[in-house]
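Enquirer: Here is my input, please return the structure:
(one chain, ligands or ions: 1)
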Amino acid sequence: MQRFLRAVQQSWADGTFVRLLVTRPADATESAPARRIVGRLIELRGRPHLSLTAREGTQDRTWNLALGEALEWLAGQLQVHRCGALLGTVHRDWQWQPTRNGPRLVTHRPAQTEIPPRVHDQPKASWLGPAARDWLHALGLVDARGRPRPSMISKYHQIERYMEIVSHQARACGWLRTELPSDARSSVVSPRPAEPPTTPLQIADLGCGKGYLTFALWHLLHRVARRPVRVLGIERRSELVQSAQRTAKDLGAEGLEFVCGEIFDCPLPNLDMLVALHACNTATDAALLRGIECQARLILVAPCCHQQVRPQLRAPPLWAPLLRHGLLAERFAEWITDGLRVLFLEWAGYEVKAIEFVSSEHTPKNLLLAAVRRHPPFTDPTRRDGILALKREFGIRHHALDPLLVPEQLAPGAHPRP
Ligand SMILES: C[S@@+](CC[C@H](N)C(=O)[O-])C[C@H]1O[C@@H](n2cnc3c(N)ncnc32)[C@H](O)[C@@H]1O
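Expert: Numbering: from 1, shown residues only. Reported below is the predicted structural model:
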């Protein structure tokens, strides 16, 4: 046992330690330690510690010991509780086995030859740190202690994912300079440093519903990126607008407004960013047309239901054996509707990425199109020809984005309702 303990100490001293595993004997009493305790070396307040994690029932319990205490604790486990133990180092593994015929110490080739990181566990990085608790709580997503409400957990994860996606896109547009900042986890939003005056980013979230994702967007750009912003949530249901507007006012959410209106014709300024998440059927196309018309630099849409293309779909001979199955035809109609949206956006000068929004275990409506304006619009006729050819091939006479095919007729605010 002394040899085993010395090997542990030595591996701590020369930095070759990988892990420690302590297992209780099969005939252990209830008072014995947990069945399996894993130890790893971490740095805490500048000093090495052994971090121990015991699985108790379905829960993990973790505690940290300075190395002197850790050695005493380990000796107690081996002597008093007759536990087995495995020491992993980068040179060799040491196994301490208490058997009926007396304990044995054996060595093996190392299972791992790389030194693991010594960092203390950080909470999972998230943009929804305590600084976001006020609006998350006001919207009923978390309780007063900041824990996500069980009934809202999937919306909470959707918001987390959305913020991750928006943060990447905002960085690509030069609106966000930081990685996940430390104060996103802090409970205090640090005061805004003096900034050179810049014009506010103009953002519209069309069909914003209760405004969960509108608040998230505002939080990211106003509070975290510390940009002057004007985020406008547009929604046709007045009761949702009133409630979101009241919450924004109560929280003093500078630059966040909610307005009752229609996606098709609500007044919009020239936009930096347009968002439309889960707007039904062709409301997504109306939002795309508005984004293009307002020359939004960044457009994010997550399509919802797709009804326009399915009744028109005519299978070319090669596809007919596949598309005679109703479900396949339906999925294909969704797919080609969104595919055409991508092509239309490219024709309008955007570079488009199709991203998985939420995991497909939660909903099949999990596509998000992220489009960044990169080129002058409507200049490459091969793109328009590609759209026309695809529509012809599948018998699609009308797509809600067709007005983009005749851009000369697109006057701001005067495009036909899809
Ligand atoms: C499924 S909800 C999504 C809400 C929010 N975007 C989200 O993802 O959490 C769709 C919202 O869009 C609104 N909406 C649908 N069509 C609209 C239109 N033409 N004009 C304004 N709002 C519309 C609906 O009232 C509804 O609140």
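
Enquirer: What is the burial count for whichever residue of the stretch 1-150 of the chain sits closest to the ligand?
Expert: Of all residues in the stretch 1-150 of the chain, residue 139 sits closest to the ligand, at 10.6 Å by C-beta to the nearest ligand atom. Backbone N, C-alpha and C define where each C-beta goes, glycine included. As a burial measure, residue 139 scores 19 neighbours (other C-beta atoms under 10 Å).

Enquirer: repeat for residue 208
Expert: Going by other C-beta under 10 Å, the residues that sit close to residue 208 add up to 27.

Enquirer: list the buried ones in stretch 153-164?
Expert: For stretch 153-164, the neighbour count (16 or more other C-beta atoms under 10 Å) marks 155, 156, 158, 159, 160, 161, 162, 163 as buried.

Enquirer: Reformat those residues into a markdown table and put pLDDT next to each item.
Expert: A markdown table is the format used below for the buried residues of stretch 153-164 (pLDDT from 0 to 100):
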| residue | pLDDT |
| --- | --- |
| 155 | 88 |
| 156 | 89 |
| 158 | 88 |
| 159 | 92 |
| 160 | 89 |
| 161 | 87 |
| 162 | 90 |
| 163 | 91 |
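
Enquirer: Show me those that map onto helices.
Expert: Counting by DSSP state H, the buried residues of stretch 153-164 place 155, 156, 158, 159, 160, 161, 162, 163 in helices.

Enquirer: quick revisit: tell me which of the buried residues of stretch 153-164 is nearest to residue 146?
Expert: residue 156 (10.9 Å; C-beta to C-beta).

Enquirer: Identify the residue nearest that closest one in space, chain neighbours excluded?
Expert: residue 148 (4.3 Å; C-beta to C-beta, 6 or more residues apart in numbering).

Enquirer: Now do the contacts for the one you found.
Expert: Residues in contact with residue 148 (C-beta atoms under 8 Å, 6 or more residues apart in numbering) are 141, 142, 156.

Enquirer: Same question for residue 147.
Expert: With C-beta under 8 Å, 6+ apart as the criterion, no residue contacts residue 147.

Enquirer: Enumerate the residues of the protein near the ligand.
Expert: Selection of the chain residues close to the ligand by C-beta under 6 Å from any ligand atom yields 207-209, 212-213, 235-237, 262-264, 277-280, 283, 304.

Enquirer: how about the helices of the protein, start to end?
Expert: According to DSSP H, the helices that the chain contains are 2-14, 67-79, 133-138, 153-172, 212-218, 238-250, 283-293, 320-323, 326-347, 381-393.

Enquirer: Would you single out the least confident of those helices?
Expert: When mean pLDDT is averaged over each of those, helix 153-172 scores lowest at a mean of 88.

Enquirer: Which elements pack onto that helix?
Expert: Contact partners of helix 153-172 among helices and strands, from 3 or more C-beta pairs under 8 Å, 6 or more residues apart in numbering; DSSP states H and E: helix 212-218, strand 298-302, strand 367-373.

Enquirer: residues in contact with it?
Expert: So helix 153-172 is contacted by 126-128, 136, 141-142, 148, 176-177, 180, 212-213, 216-217, 219-221, 225, 277, 298, 300, 355, 357-358, 362, 368, 370, 372 (C-beta under 8 Å, 6+ apart).

Enquirer: So for residue 107, which of the helices of the chain sits nearest?
Expert: helix 2-14 (8.6 Å).

Enquirer: thinking again about what came up before, from residue 266, how far off is the residue nearest to residue 156?
Expert: Going from residue 148 to residue 266 by C-beta to C-beta, to the nearest Å gives 32 Å.

Enquirer: can you check residue 259 too?
Expert: Residue 259 is 7 Å from residue 266, by C-beta to C-beta.

Enquirer: can you check residue 374 too?
Expert: 27 Å.

Enquirer: what does residue 112 give?
Expert: Counting by C-beta to C-beta - residue 112 and residue 266 are separated by 59 Å.

Enquirer: Comparing the two, which residue is more hemmed in?
Expert: Between residue 112 and residue 266, counting by other C-beta under 10 Å, residue 266 is the more crowded of the two (17 against 12).

Enquirer: Just give the nearest non-adjacent residue to the more buried one, would you?
Expert: Per C-beta to C-beta, 6+ apart, closest to residue 266 is residue 234, 5.0 Å.

Enquirer: give the contact list for the one you found.
Expert: Contacts for residue 234 (C-beta under 8 Å, 6+ apart) come out as 204, 205, 206, 207, 208, 258, 259, 260, 261, 262, 263, 266.
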